[in-house]
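>>> quick one: sequence and predicted model below, then my questions.
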Amino acid sequence: MPAKSNLTSLQLDQLAQQLTQWAKQLGFQQLGITGVDLHDEEAKLQAWLDAGYHGEMGYMANHGMMRARPAELHPGTLRVISVSMSYLPPEAGFASNLSDPQLAYISRYAGGRDYHKLIRNRLKKLGEMLNEAVVALGGESVNFRPFVDSAPILERPLAERAGLGWTGKHSLLLNQQGSWFFLGELLVDIPLPQDKPQAEQCKQCVACIKSCPTSAIVAPYTVDARRCISYLTIELQGSIPEEFRPLIGNRIYGCDDCQLVCPFNGDSQLTQENDFHTRSELSQPELLNLFAWTEAEFLKRTEGSAIRRIGYQRWLRNIAVALGNAPTSAQVISALHAKKSLIEDDMVIEHIDWALAQQATTSEITTPRKTQRIIRTVQKGMPRDA
């Protein structure tokens, strides 16, 4: 065994305490440590895949059960250090964006800079700090590897075991401060002391299940991604099934409904990271303004953003659906026709034609009751600046 494994229990405890301090210095709100045994998650993952709930996300089925075996992903791993970082931006405009069908709703995590690089760099620094401390104690160098939603690893079960929260019925990680946070992992080959999981506190609450516009939460803790608006607007490559288009409303990139109604999110902390603040052009943006962007404008204005990954065609597809759900107006109809004359992509044209048909048959769009309830909840319960 490497010399670092021969550190005393007291030294390992002290390292774990230092890690928590370093994590806060690096901007993380929480840090927890767990082992690598996710054996009991394998059957759950396989059942979810067998049901086809992953849709077109083929990467979820790739690599076999490696997602539940961190030590196979990074040989030698003994512990997983799990961290969280808040992304809730100030002045997010939850209620006003959802209640105004002429505005676009963009999931709150995507309004600022893409989180992957920022968190990965912070995790790398955390690993370096740990390594320096271990070497200073006379141990061998720590072999570590950071991950941020970019590798076949079950980050939520790991974070749950590390004590960062519990899995809510919407399948997201949740704690007393809510669920508006990113997760990241640092795989290490040192036997640090493990933290204890938190007890689930959702109890009988089913607000998230009832609020889902497309009934994607098919059972507590189980999401059929094929019905989820986040999947439909981000992961799905082709046409959005017609049955879901009216239910999408004005949500053009992701959906936060199940989080918006969660009682625990009323006490959420606003992010301290300026990179996660909503860009001005994405703060209460009008659908027609976004729809008018050229591809060059789209690429420029989404540079460094998670939104860029869907590409210009799916961006137009999503906005076309939202415009189809907007109140009928000559301005909307004109914009749809104008964009159609410039587009050659059959998938985008299909959605523009659908939107035009909706505009022709509906003189007024009413906000669905589920969304009305969410808006009232948000207005009452969200942090004042959000």
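On my side now, so go ahead.

>>> please make it C-alpha for all contacts and neighbour counts, starting now.
Noted.

>>> burial check on L10, number of neighbours?
The criterion is other Cα atoms under 10 Å. On that basis, L10 has 10 neighbouring residues.

>>> and the pLDDT at it?
Each residue has a pLDDT score; the one for L10 is 95.

>>> name the SS class of it, please.
Three states are possible here, and by DSSP: H, G, I helix; E, B strand; the rest coil the one that applies to L10 is helix.

>>> and it, how far is that from P193?
With distances taken as Cα to Cα, to the nearest Å, L10 is found 10 Å from P193.

>>> same question for H277.
Counting by Cα to Cα, the gap between H277 and P193 amounts to 35 Å.

>>> and these two? Which one has more around it.
The neighbour count for H277 versus P193, taken as other Cα under 10 Å, is higher for H277 (23 against 19).

>>> that one: what's it in contact with?
87-90, 111-113, 271 (Cα atoms under 8 Å, 6 or more residues apart in numbering).

>>> ok, 7 Å please
Neighbour list for H277: 89-90, 111-112 [criterion: Cα atoms under 7 Å, 6 or more residues apart in numbering].

>>> so what's L45 scoring on pLDDT?
We note a pLDDT of 87 for L45 in this prediction.

>>> check D267 too.
Note on D267: pLDDT of 79.

>>> so it makes contact with W180?
No: at 10.5 Å, D267 and W180 do not qualify as touching, with contact defined as Cα atoms under 7 Å.

>>> so for the two, which residue has more residues nearby?
Neighbours per residue (other Cα under 10 Å) separate D267 from W180, with W180 holding more: 25 against 13.

>>> pLDDT below threshold where in this protein?
Low-confidence segments of the chain, defined by pLDDT under 70, span residues 1-5, 63-64, 66, 362-367, 375, 378-386.

>>> domain ranges for it?
Annotated domains of the chain cover 3-88+111-188, 207-270+278-381 [automatic domain parsing].

>>> how far is the longest one from where the chain is centred?
Mean C-alpha position of domain 207-270+278-381 versus that of the full chain (Cα atoms, centre = their mean, to the nearest Å) differs by 16 Å.

>>> so which residue is smack in the middle of this protein?
With distances taken as Cα atoms, centre = their mean, the chain has Y109 as the residue nearest its mean C-alpha position (6.4 Å).

>>> which non-adjacent residue is nearest that residue?
Distance criterion Cα to Cα, 6 or more residues apart in numbering; nearest residue to Y109, sequence neighbours excluded, is Y87 at 6.1 Å.

>>> re earlier: just the contacts of H277 now: which is nearest T233?
Nearest to T233 among those, counting by Cα to Cα, is G111 at 15.0 Å.

>>> ok, back up a step: tally up the residues packed near the residue nearest to Y109, please.
Residues near Y87, counting by other Cα under 10 Å, number 27.

>>> that one reaches Q269, doesn't it?
No: between Y87 and Q269 there is no contact, the gap being 8.8 Å when judged by Cα under 7 Å.

>>> could you pull out the helices for the stretch 51-200 of the chain?
According to DSSP state H, counting those that start in this stretch, the stretch 51-200 of the chain carries its helices in the segments 70-73, 94-99, 115-136, 155-161.

>>> just those: most buried one?
The highest average neighbour count among the helices of the stretch 51-200 of the chain, using mean count of other Cα atoms under 10 Å, belongs to helix 155-161 at a mean of 24.

>>> then it to PDB, C-alphas only?
The C-alpha atoms that make up helix 155-161 are tabulated as PDB, following Å, rounded to 0.1, in the frame of the first residue of the first chain:
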ATOM      1  CA  GLU A 155     -22.900  11.800  -9.000                       C
ATOM      2  CA  ARG A 156     -26.200  12.100  -7.200                       C
ATOM      3  CA  PRO A 157     -26.100   8.800  -5.300                       C
ATOM      4  CA  LEU A 158     -22.400   9.600  -4.400                       C
ATOM      5  CA  ALA A 159     -23.400  13.100  -3.100                       C
ATOM      6  CA  GLU A 160     -26.200  11.500  -1.100                       C
ATOM      7  CA  ARG A 161     -23.900   9.000   0.500                       C
END
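
>>> return the distance of that helix from the chain's centre.
Helix 155-161 sits 15 Å away from the centroid of its parent chain (Cα atoms, centre = their mean).

>>> which residues does that helix contact?
By Cα under 7 Å, 6+ apart, the list of residues contacting helix 155-161 from outside reads 34, 82, 166-167, 173, 196-197.

>>> in PyMOL, how would I select just the buried ones from those residues?
PyMOL command restricting the contacts of helix 155-161 to the buried ones, with burial defined by 16 or more other Cα atoms under 10 Å:
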select buried, resi 34+82+166+167+173+197
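
>>> now do the SS call for A335.
The local conformation at A335, judged by three-state DSSP, is helix.

>>> residues contacting it?
Taking Cα under 7 Å, 6+ apart, one finds nothing in contact with A335.

>>> now the helices for the stretch 201-350 of the chain?
Taking DSSP H, counting those that start in this stretch as the criterion, the stretch 201-350 of the chain carries its helices at 207-211, 229-230, 245-248, 257-260, 287-291, 295-301, 311-324, 330-340, 346-361.

>>> out of those, which is closest to Q17?
Of the helices of the stretch 201-350 of the chain, nearest to Q17 by Cα to Cα is helix 257-260, at 31.2 Å.

>>> and the contacts of that closest one?
170, 179, 208, 211-212, 374, 378.

>>> let's see that with 6 Å instead.
C208 (Cα atoms under 6 Å, 6 or more residues apart in numbering).
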